[in-house]
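Q: I would like to see how this sequence folds:
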Amino acid sequence: MRELILGGARSGKSLLAEQRARDSGLKVTYLATAQALDGEMARRVAHHRARRPADWGCVEETLHLPQRLRELAAPDTCLLVDCLTLWLSNLLFAGQAATQAEAGEAIDCPLFREQTAALIDTLPQLPGHVILVSNEVGWGIVPMHPVSRLFADEQGRLNQRVAAVCDQVTLVAAGLPLSLKTPPPAA
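A: Below is the predicted model of the structure:
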């Protein structure tokens, strides 16, 4: 089972993902994609860490998410990835995409292309339950800055591609889940 949970900032998407991971009855491993590069992000990471059950495993993976998912997935495991948005940002800044966008150049970022394609190829093959959290960033105005436009465009494209290969997709707004895609009934 592959599940995508989308929502805006502070919508409750991570809380819902954590609840679904707890309810899965499986061993849970939390895959954290954040990098605590400043005090504010360090506080966010600490907040997420403090509310997770002590028996959950935690693995940090900022760039090579598909490979890490293949290593950790198992029939008795629920993998919770929080979040695809930070992973995408990491990819764009680790390669040259952000710099190229800033300079008004065409974007050519092999790391980004390879890793996002690998994620889409990998997800349907994984055993167990995989829950992916991602931000819905496309409901506002078109950003003025080239890097922000690049990020919003690529986040929207990534969410569409991930949703297409997931069995279940849920949108969270104001803490309320709205089912966008449900798995077919078991035969």
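Q: per-residue pLDDT, Ala187?
A: On pLDDT, Ala187 comes in at 68.
Q: next one: phi and psi at the nearest residue to Met1 once chain neighbours are set aside?
A: Nearest residue to Met1, sequence neighbours excluded (Cβ to Cβ, 6 or more residues apart in numbering): His129, at 4.7 Å. Heads up, the C-betas are built off the backbone N, CA and C, glycines and all. As for His129, its main-chain torsions (degrees, to the nearest 10) stand at phi -110, psi 130.
Q: local confidence estimate at Tyr30?
A: At Tyr30, pLDDT is 97.
Q: which other helices and strands contact the helix or strand that it is a member of?
A: According to DSSP states H and E, Tyr30 maps onto strand 27-32. The contact analysis (3 or more Cβ pairs under 8 Å, 6 or more residues apart in numbering; DSSP states H and E) places strand 27-32 against helix 13-23, strand 57-60, helix 65-72, strand 77-82.
Q: can you tell which of these is closest to Trp139?
A: Closest to Trp139 of the helices and strands packed on strand 27-32 is helix 13-23 (Cβ to Cβ; 14.1 Å).
Q: could you pull out the buried residues of that closest one?
A: Lys13, Ser14, Leu16, Ala17, Glu18, Arg20, Ala21 (16 or more other Cβ atoms under 10 Å).
Q: spatially nearest residue to Lys181, not counting backbone neighbours?
A: Closest to Lys181 by Cβ to Cβ, 6+ apart is Val169, at 3.9 Å.
Q: in three-state terms, label that neighbour for me.
A: Here Val169 is strand, with the state taken from DSSP: H, G, I helix; E, B strand; the rest coil.
Q: and for Ile131?
A: Secondary structure, three-state DSSP: Ile131 is strand.
Q: renumber starting at 31 from here on
A: That works, and once the first residue is 31, the last one we named lands at Ile161.
Q: circling back: can I get the helices and strands packed on strand 57-62 in TSV with distance to Met174 and mean pLDDT?
A: Shown next, in TSV, are the helices and strands packed on strand 57-62 (distance: least, Cβ to Cβ, whole Å; pLDDT from 0 to 100):
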stretch	distance to Met174	mean pLDDT
helix 43-53	26	97
strand 87-90	33	95
helix 95-102	30	98
strand 107-112	29	98
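Q: can you show me the helices along the chain?
A: 43-53, 69-81, 95-102, 114-124, 127-132, 140-152, 176-195 (DSSP state H).
Q: so which of these is nearest Leu34?
A: Closest approach to Leu34 among the helices of the chain (Cβ to Cβ): helix 176-195, 5.3 Å.
Q: how far off centre is that closest one?
A: 11 Å (Cα atoms, centre = their mean, to the nearest Å).
Q: what's the angle between that helix and helix 114-124?
A: 130 degrees (axes from the mean of the first three to the mean of the last three Cα atoms, to 10 degrees).
Q: helices or strands up against helix 176-195?
A: Under the contact definition 3+ Cβ pairs under 8 Å, 6+ apart, helix 176-195 sits against strand 32-37, helix 114-124, helix 127-132, helix 140-152, strand 159-165.
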